[in-house]
Every structure is written in structure tokens, then in C-alpha cells.
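K.L.:
just the structure for this:
(one chain, ligands or ions: 1)
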Amino acid sequence: MKKKSPWWLAWLWGLNLTLAGGLLAAFLFLDGLPQIPAGATITSAPGIAFTVTPVNTATPFTAPTATRKPRPTAAPPTVTPTPTRLPYGEGPITIGFSAGGRPLQIFKFGNGPKVRMIVAGIHGGYEWNTIALADEMIAYLAGQPHLIPDDVTLYILRSLNPDGEARSHDENGRVNNNGVDLNRNWPASTWVADWDRANCWNQTETTSGTHPGSEPETVALMLFLSIHKPQALISYHSAALGIFPGGTPPDPDSVRLAEQLSEVMPYPYPPLDIGCEYTGTLADWAAEHGIAAVDMELTNHVETDFDLNLRALQVLIDWEDEE
Ligand SMILES: [Zn+2]
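P.N.:
I've put the predicted structure just below:
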């Protein structure tokens, strides 16, 4: 009678077979199969082909190495904030707040020593199209920063009267939240507490402020201009009356800027005389502080005259302090 093998012998035999099979499989698949070069095209069946993509060949895994944090040996380094780069140029820079607490925002283009300034919206929502023009210019220059030469810095203040802009796009949007006409509030020699309204804008009640430079909008821009010292400035208005050089009597440099603008712009120059005396204007103050400045009126209260004002921008960029 044949003796039956013990159960553990069969179990060992089975284990041997399993180990041998595993070793053979490892040999064949890990070492024995031919290497397919990356990028090779494999045809697996008629009409079906694929390309071998290398996996993780370029960036071998590197185990992280632990490093000990060094102990501070001196005062921690000063943290320098990185300027936020927004889609528009290098702005906006908030230079202050309106009477109603709204930010006054300036966009900067270029970084040269020749400084130029555009101010829009001093008459708020009543002249909202000047703000729309500023926004168009900002977007245009943000997309083409090379248009500003290396030796020029251009600042654009998109809305000096955001209170009026927010209130309404009609005559009620002209003044700030203190009821002040910001283009009568500047501490120029021409400032007056009141003026003859008969031939001037008189559709709503306005004041020139409790004193020259009484308004936060005026003070904020005054400080900005005093620090950054532009050589030439355009303050946009609407509508239709033309190009007004700053100063009373008109400042010679401001007259020269107005003349240069009138050579490329269809706006009236000399400006239309409606018998109004303009007092305490931004352009007056600027002209008295060495800035060639004009008030310039768009054609109407709706259009931005964008293409036309690209010509004005070029005049501003090309401005030479002395002739
Ligand atoms: Zn105006």
C-alpha cells in the first residue's frame, strides 16, 4: 500500500511552485522584455497605432531633505510690500477720499522723469463722459504700455468727484457731497466766495466751499500734484466750450499747451466766451504752481471723443517745458 504523503509536503511543494512562478514573471517583465524607446509608434492592430509617452523620465523623484531652521541671529528682515499689479497699468493708487468717503484713484503709466497728468470727472456725474474717456484711456494704455515713452510718467485720475458720479448723471451730479463745485474750490488767487451766476452754470445751487481748498478732493489732488510735480495737465470737462488755458490772466505755458492742443483738436480755441468768470479752478491753481494746465471740454455730454483725445494725449506726452 502506497504511503500517503504528509499534508505539509504538498503545501511546501505548492509554495515552491508559486515562488518559482513569481521569480520567472519578475525576470520576464522587469528585465527580460525588450525596452520600447519613448516616442516610438506602436501598431497594435491594423489601423490602430499609438505613441509611447515617457513617464517621469525628466523629473526623477528626489526625496526631500530635512533642513534645520536656523536660529535668528539678528533682527528679522524688514518686510517690503510688493506693489499690487492690477490690469490697469500700475494702479490704482488711492490718493485720498471724497467728502462722501469714496476713493480718489490714480493710474500710473511709465516711469520717466517727464510727468504728465490727466484729471477727469471734476464735475462728477454731470460730466460722466469725461470719466468714461479716462477709463477708455486707462484700458487702452494698459494693453499698450509701450505707447508711453521711457522718459515719461503719465498719471490719470479717473474721477475727482466720485460723490457726484455716484449721485446722478445729470446736473444734480455736478457737486461733491458738501454741495461744492470742485472746480471753484482751488486755493488759486482767483478763488472767490461767490460769483455772478447770470452767465455761468446755474442749474443747481453750488458753492465754492467754505474757504479755498476746503474740500478733501481738492486737498488730496493738491498734495499729489505738489509731490509729483507734473509739467503739463489736462482737466477734462463737458461740454462744447473749448480749451481754456489756466491762469488769470492766462499763464503763458498754459496758453502754449492750449495752442498745441488746438492744432490737433477740433474743440474751440480760443474757447467760447459766454460771459462767465471762472474762479478757483484746478487749472488756475496748477498754472500758478508751474504746471502748464488746461480745462478742455468734450464735444457733448455723451460722447468720449476717444480717438480725438488720443491726439491730445500725444500732445501731452510730447510737451516740452521750454521752447
Ligand atoms: Zn465741467
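
K.L.:
now do the same contact list for the residue of the stretch 201-323 of the chain found nearest the ion.
P.N.:
For the stretch 201-323 of the chain and the ion, the shortest gap (C-beta to the ion) falls at residue 237, measuring 3.2 Å. For every residue, glycine as well, the C-beta is placed using N, CA and C. When contacts are counted by C-beta atoms under 8 Å, 6 or more residues apart in numbering, residue 237 touches 122, 123, 127, 130, 183, 295, 296, 297, 298.

K.L.:
ditto for residue 161
P.N.:
So residue 161 contacts 98, 121, 122, 123, 124, 175, 176, 182, 217 (C-beta under 8 Å, 6+ apart).

K.L.:
farthest pair in the residues you listed?
P.N.:
Farthest pair in those (C-beta to C-beta) is 98 and 123. Separation: 13.3 Å.

K.L.:
residues of the stretch 101-250 of the chain that sit close to the ion?
P.N.:
Neighbours of the ion within the stretch 101-250 of the chain, by C-beta under 5 Å from the ion: 123, 127, 237.

K.L.:
mind doing that once more with 8 Å?
P.N.:
122, 123, 126, 127, 130, 174, 183, 201, 237, 238 (C-beta under 8 Å from the ion).

K.L.:
quick one: the fourth one and residue 241 touch, right?
P.N.:
Translated: residue 127. No: using C-beta atoms under 8 Å, residue 127 is not in contact with residue 241; the gap is 11.9 Å.

K.L.:
and those two? Which one has more around it.
P.N.:
residue 127 (27 against 17; other C-beta atoms under 10 Å).

K.L.:
in which helix or strand does the residue of the stretch 201-323 of the chain closest to the ion reside?
P.N.:
Using DSSP states H and E, residue 237 maps to strand 232-238.

K.L.:
show me where the stretch 1-150 of the chain dips below the pLDDT cut-off.
P.N.:
Low-confidence segments of the stretch 1-150 of the chain, defined by pLDDT under 70: 1-91.

K.L.:
50 - rerun?
P.N.:
Within the stretch 1-150 of the chain, the segments meeting pLDDT under 50 span 1-2, 17, 19, 21-73, 76-77, 80-87.

K.L.:
point me to the residue of it nearest the ion.
P.N.:
Taking C-beta to the ion, the stretch 1-150 of the chain has residue 123 as its residue nearest the ion, at 3.6 Å.

K.L.:
how about the helices of the stretch 101-250 of the chain, start to end?
P.N.:
Applying DSSP state H, counting those that start in this stretch to the stretch 101-250 of the chain gives helices spanning 128-143, 162-167, 216-228.

K.L.:
hmm, who's touching the shortest one?
P.N.:
In this case it means helix 162-167. For helix 162-167, using C-beta under 8 Å, 6+ apart, the contacting residues are 98-100, 102-104, 121, 123-126, 128, 131, 159, 173-177.

K.L.:
which among these count as buried?
P.N.:
Buried subset of the contacts of helix 162-167 (neighbour count, 16 or more other C-beta atoms under 10 Å): 98-100, 102, 104, 121, 123-126, 128, 131, 159, 173-177.

K.L.:
distance between the ends of stretch 200-213?
P.N.:
With C-alpha to C-alpha, to the nearest Å as the measure, stretch 200-213 spans 21 Å from end to end.

K.L.:
would you mark the buried spots in that stretch?
P.N.:
Neighbour count says stretch 200-213 has 200, 201, 206, 208, 209, 212, 213 buried, by 16+ other C-beta under 10 Å.

K.L.:
can you check stretch 164-174 too?
P.N.:
164, 165, 167, 169, 173, 174.

K.L.:
against the ion, how distant is the second one?
P.N.:
When distances are taken as C-beta to the ion, to the nearest Å, residue 165 and the ion turn out to be 13 Å apart.

K.L.:
quick check: the gap between that residue and residue 258.
P.N.:
26 Å (C-beta to C-beta, to the nearest Å).

K.L.:
and for the first one?
P.N.:
According to C-beta to C-beta, residue 164 stands 26 Å off from residue 258.

K.L.:
cool, the third one as well?
P.N.:
When distances are taken as C-beta to C-beta, residue 167 and residue 258 turn out to be 31 Å apart.

K.L.:
again, but for the fifth one
P.N.:
Between residue 173 and residue 258 the distance is 27 Å, computed by C-beta to C-beta.

K.L.:
do residue 237 as well
P.N.:
Residue 237 is 14 Å from residue 258, where distance means C-beta to C-beta.

K.L.:
please apply the same query to residue 109.
P.N.:
23 Å.

K.L.:
show me which of those two is the more surrounded one.
P.N.:
Neighbour tally, residue 109 and residue 258, criterion other C-beta under 10 Å: the higher count belongs to residue 258, 28 against 23.
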